[in-house]
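J.: Any chance you could fold what I've pasted below:
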Amino acid sequence: MAITGMNHFNVLTDDIDATRRFYCGVLGLVEGDRPKFSFDGLWLYAGGHPILHISARELSQKVEGVIDHIAFSCTDLRATVARLEQNGVKFSLGRQVSTGIWQLFCRDPMGARVELDFDPSETGP
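T.: This next block holds a predicted model:
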């Protein structure tokens, strides 16, 4: 066996609409085809690939579980910052010391930590 890449992440939610608005409306993923399951959910696509699965569940408490965060490679840092601010999404922005990569951290509506990474050549806000 050889791992060749990441297939997808799955995020739990008890508010499908808020989760859709964040990942599609704010971050720009695209809702696409999803197999019929016995529970509600979404498959969200980037570059034609279903990289984020959203599963509706009753969440008795807000917990992050064992995954610390999910990270996406992104472009257009300035537009992303503007979009987050327009949508009232709190975030922190910094640069990796050794690589210069811009790292923006925020939370989705269910509290999952999301990292958005941008090329060091991008202009900061």
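J.: Show me what the host helix or strand of S92 is packed up against.
T.: Element membership for S92 (DSSP states H and E) is strand 91-95. The contact analysis (3 or more C-beta pairs under 8 Å, 6 or more residues apart in numbering; DSSP states H and E) places strand 91-95 against helix 77-86, strand 102-107. In short, each C-beta sits where N, CA and C put it, glycine included.
J.: Point out the most buried one among the ones you listed.
T.: strand 102-107 (a mean of 18; mean count of other C-beta atoms under 10 Å).
J.: Show the average pLDDT along it.
T.: Mean per-residue pLDDT for strand 102-107: 94.
J.: ok, now stretch 78-91?
T.: 96.
J.: Stretch 18-25 too?
T.: pLDDT averaged over stretch 18-25 gives 96.
J.: Can you list the neighbours in contact with that stretch?
T.: For stretch 18-25, the external contacting residues (C-beta atoms under 8 Å, 6 or more residues apart in numbering) are 11, 13, 29-31, 42, 44, 52, 54, 87, 89, 108-110.
J.: How far does it stretch from one end to the other?
T.: Taking C-alpha to C-alpha, to the nearest Å as the measure, stretch 18-25 stretches 10 Å from start to finish.
J.: how about it: buried residues?
T.: By neighbour count on 16 or more other C-beta atoms under 10 Å, the buried set for stretch 18-25 is 19-20, 22-24.
J.: can you map out the strands along the chain?
T.: Per DSSP state E, the chain carries strands over the ranges 9-13, 30-32, 41-46, 49-56, 70-74, 91-95, 102-107, 113-118.
J.: Can you redo the buried residues of stretch 18-25 as a markdown table, where the extra columns are distance to G124?
T.: As requested, those are arranged in a markdown table below (distance: C-beta to C-beta, whole Å):
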| residue | distance to G124 |
| --- | --- |
| T19 | 29 |
| R20 | 29 |
| F22 | 23 |
| Y23 | 24 |
| C24 | 26 |
